[in-house]
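Trainee: quick one: sequence plus predicted model below, questions after.
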Amino acid sequence: METPSDPKNRRRSERVMLRMKVTVIAEDKQRKPRREEALTLVVNAHGGLLQMKMDVHVGQPMRLVNPQNNVEQNCRVVRVDDSSPDVFSVAFEFDHANPKFWPVVFPPPDWQAPARDAAPGD
């Protein structure tokens, strides 16, 4: 039985349920750049899960655009599931953690990026 301490259930940052439209820019199977409006389901500081129509593959790079502020973030596909005949559930990981990409007003404590100039042990 899976438990929260099970390594496959651990995440680098807490998940937040967020249904939000994002623009996905990725290459289709013919390697032509395409744009698609997708819908997020769950997000965290390191990526998330969204639903989209474009068929993508694990490891494929994508770019997400937050239409609320036009911020762009590079990411890669880490899992693809057929959630229905028309839509894929796509788990993605940002190239670099970016909790500010999402419009979350009260982010969980583990979304805070460490200070770059802090001394070890601070």
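Mentor: In hand now; what should we look at? Please read all numbers here as calculations on a predicted model, not as lab measurements. Numbering: from 1, shown residues only.
Trainee: only C-alpha atoms from now on, for both contacts and neighbour counts.
Mentor: Noted.
Trainee: any weak-confidence spans in this protein?
Mentor: Low-confidence segments of the chain (pLDDT under 70): 1-12, 106-108, 113-122.
Trainee: which other helices and strands does whichever strand or helix holds Arg63 contact?
Mentor: Per DSSP states H and E: Arg63 is located in strand 61-66. Counting contacts by 3 or more CA pairs under 8 Å, 6 or more residues apart in numbering; DSSP states H and E, strand 61-66 is packed against strand 21-27, strand 71-82.
Trainee: and it, how far out from the chain middle?
Mentor: Remark: strand 61-66 is offset 9 Å from the chain centroid, using CA atoms, centre = their mean, to the nearest Å.
Trainee: that strand to strand 71-82, inter-axis angle?
Mentor: 120 degrees (axes from the mean of the first three to the mean of the last three CA atoms, to 10 degrees).
Trainee: picking up where we left off before, for the helices and strands packed on strand 61-66, give me TSV that also has distance to Gln51 and mean neighbour count.
Mentor: Formatted as TSV, these follow (distance: least, CA to CA, whole Å; neighbours: other CA atoms under 10 Å):
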stretch	distance to Gln51	mean neighbour count
strand 21-27	10	19
strand 71-82	10	16
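Trainee: Phe88: which of those is closest?
Mentor: Comparing these against Phe88 with CA to CA, the closest turns out to be strand 71-82 (4.8 Å).
Trainee: beyond the closest one, next helix or strand please.
Mentor: Following strand 71-82 in sequence, per DSSP H and E, is strand 88-94.
Trainee: need the helices and strands packed on strand 61-66 in JSON lines (columns: distance to Leu64).
Mentor: Supplementary listing: these in JSON lines, determined by distance: least, CA to CA, whole Å:
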{"stretch": "strand 21-27", "distance to Leu64": "5"}
{"stretch": "strand 71-82", "distance to Leu64": "5"}
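Trainee: excluding residues flanking it in the chain, which one is nearest Ile25?
Mentor: Closest residue to Ile25 in three dimensions, ignoring its sequence neighbours and counting by CA to CA, 6 or more residues apart in numbering: Arg35, at 4.6 Å.
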